[in-house]
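Participant: what would the 3D arrangement of this be:
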Amino acid sequence: MAVIVQKFGGSSVADAARIRHCAGRIAEAKRRGDSVAVVVSARGDTTDDLIALAGELSEQPDKREMDQLLACGEQISISLMSMALKGMGLEAVSLTGAQCGIRTDGQHTRARIRSVDPTRLKSEFAAGRVPVVAGFQGVTDSGDVTTLGRGGSDTTAVALAAAVGADECEIYTDVDGVYTADPRVVPHARLLDTIRYDEMMEAASQGARVMHLRAVELGKKAGVPIRVLHSMRHGRGTLITDTGNGMETARAVSTAALKTDIGRVTLAGLPNRPGLQRLFFDRIAAAGISVDDIIQTEALGLGGKEGGEDFARSHADTPTSGHCNIVFTLDKADLADVKPLVEAALTELGHGRLHIDLGLAKVSAVGVGMQSQPGVAARMFKALADAGVRIANITTSEIKISCILDEADGKNALKVVHDAFELGSPVVTSAGAARAGSRR
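Facilitator: I've put the predicted structure just below:
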């Protein structure tokens, strides 16, 4: 008998028919004799609707009250799913994050899970019941409800799987699994049988929305195999694990990803002295905000144009000794919180200027194979150049190359990068047998 955690996203439980269908998937696992814990997200657009409603009442809603509000969406879903399961003759019980023993820090709207007490889940398994847990939420030591940020239900599911020693965590969504690129943008993208944790983490951080980054990080740390599946149709999906498919890893690049709604913050004319970077990023980290790429360069003369690329391209003066520019990117949604933090740091510093750019996107090529195969960057840059796409910034890691570009070029850039590495084509073995993403 296996222990399985199944997570169903918002589109999977959007209406009564879909809830019944997902309840049927749970019933299948129970008939196999598995112990099953279920995690559900808020139905459909519930979270967006609640955020919009709060925005009608306050320009900057209190974050503690936002957590109280947004946690309601998942609580509706767990009650409805439990009712559906009971209607099928299964014993089920709905549990909030607090009732399930999920403890978090106190960072409202961006909380991180500190611990999970598996006692309640194990007692429900022993009683033959299906615990249906509200994703995306937890509780602080002082009893305040917190939420984990967008995509947090994935993290809830993997955290529960780790806590109970589950054999697998199944993430049910509206796609068949993990593709070589977003199939809504690249129709010939290929479904992957397997993908390594590290590749999935990079892809998720660079815009692949099929999995929450923190969930994959936790899965890798705890050794939880994660399988991404379509909630409305059967298939093998994609297994995220540490043992990648040998044929897939023969490629330099395994996936291409596009991240939109990026904001870029330029801090220009800063005195380059010890502790400068900490002055800004300590404040941002304390607010629970993650930044993306960080670039520091020697500042040009301070008589140039202010801000962003105009400042960086100004060659009117010679470099000013002891000054630098810091440029970093982050989700556009976080700019409203970051801007006053950065402004406060500039005031304390007494030097420097702030410039914010919007309308940006990032296209990335990801693959563990690029560690040992030369020419990946050149191939990517050529593809973008041939397509007439201008690159604003470049960042790299051992298994990733990312280019910041105009958002208007984003979708085309994803297509040409995907095609440049022939990701839509199956790997061919030495015997000539083609291996494609399996479906059932």
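Participant: give me the phi and psi for Arg110.
Facilitator: Backbone torsions of Arg110, given as degrees, to the nearest 10, read phi -140, psi 30.
Participant: and the pLDDT for the nearest residue to it once chain neighbours are set aside?
Facilitator: Spatial nearest neighbour of Arg110, chain neighbours left out: Gly288 (3.8 Å); criterion: CB to CB, 6 or more residues apart in numbering. (Each C-beta comes from the backbone N, C-alpha and C, glycine too.) In this model, Gly288 is scored at 86, pLDDT.
Participant: quick one, helices of the stretch 251-400 of the chain?
Facilitator: Taking DSSP state H, counting those that start in this stretch as the test, the helices found in the stretch 251-400 of the chain are 276-286, 308-313, 335-349, 376-386.
Participant: quick one: distance of stretch 151-168 to the chain centre.
Facilitator: Mean C-alpha position of stretch 151-168 versus that of the full chain (CA atoms, centre = their mean, to the nearest Å) differs by 15 Å.
Participant: follow-up on the earlier one: same list, the helices of the stretch 251-400 of the chain, but as TSV with mean neighbour count please.
Facilitator: Shown next, in TSV, are the helices of the stretch 251-400 of the chain (neighbours: other CB atoms under 10 Å):
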stretch	mean neighbour count
helix 276-286	16
helix 308-313	16
helix 335-349	15
helix 376-386	16
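Participant: any chance of those helices in a markdown table, with distance to Leu423 too?
Facilitator: Shown next, in a markdown table, are the helices of the stretch 251-400 of the chain (distance: least, CB to CB, whole Å):
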| stretch | distance to Leu423 |
| --- | --- |
| helix 276-286 | 34 |
| helix 308-313 | 31 |
| helix 335-349 | 32 |
| helix 376-386 | 12 |
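Participant: which one, of the ones you listed, ends up nearest to Ser425?
Facilitator: Comparing the helices of the stretch 251-400 of the chain against Ser425 with CB to CB, the closest turns out to be helix 376-386 (15.1 Å).
Participant: can I get that closest one in PDB? Just the C-alpha atoms.
Facilitator: Listed next in PDB are the C-alpha coordinates belonging to helix 376-386 (Å, rounded to 0.1, in the frame of the first residue of the first chain):
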ATOM      1  CA  VAL A 376      25.000  26.800 -26.100                       C
ATOM      2  CA  ALA A 377      25.100  30.500 -25.500                       C
ATOM      3  CA  ALA A 378      26.300  31.300 -29.000                       C
ATOM      4  CA  ARG A 379      23.500  29.200 -30.500                       C
ATOM      5  CA  MET A 380      20.900  31.000 -28.400                       C
ATOM      6  CA  PHE A 381      22.200  34.500 -29.200                       C
ATOM      7  CA  LYS A 382      22.300  33.700 -32.900                       C
ATOM      8  CA  ALA A 383      18.700  32.500 -32.900                       C
ATOM      9  CA  LEU A 384      17.600  35.700 -31.200                       C
ATOM     10  CA  ALA A 385      19.700  37.900 -33.500                       C
ATOM     11  CA  ASP A 386      18.300  36.200 -36.600                       C
END
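Participant: and the contacts of it?
Facilitator: Residues from elsewhere that reach helix 376-386 (CB atoms under 8 Å, 6 or more residues apart in numbering): 252-253, 363, 365, 367, 370, 391, 396, 401, 403, 405, 413, 416-417, 419-421.
Participant: gap between the residue nearest to Arg110 and Thr146?
Facilitator: Distance from Gly288 to Thr146, counting by CB to CB, to the nearest Å: 11 Å.
Participant: shared neighbours of those two, which are they?
Facilitator: Common neighbours of Gly288 and Thr146 (CB under 8 Å, 6+ apart) are 107, 109, 111.
Participant: tell me the helix or strand right after the helix ranked longest in the chain.
Facilitator: Ranked by residue count, the top helix of the chain under DSSP state H comes out as helix 63-87. Downstream of helix 63-87, the first helix or strand assigned by DSSP states H and E is strand 92-95.
Participant: what helices and strands are in contact with whichever helix or strand comes after that following strand?
Facilitator: The helix or strand immediately downstream of strand 92-95 is strand 102-104, counting by DSSP H and E. On a contact count with 3 or more CB pairs under 8 Å, 6 or more residues apart in numbering; DSSP states H and E, strand 102-104 meets strand 113-116, strand 137-139, helix 152-164.
Participant: I'm done for today, thanks for sticking with me.
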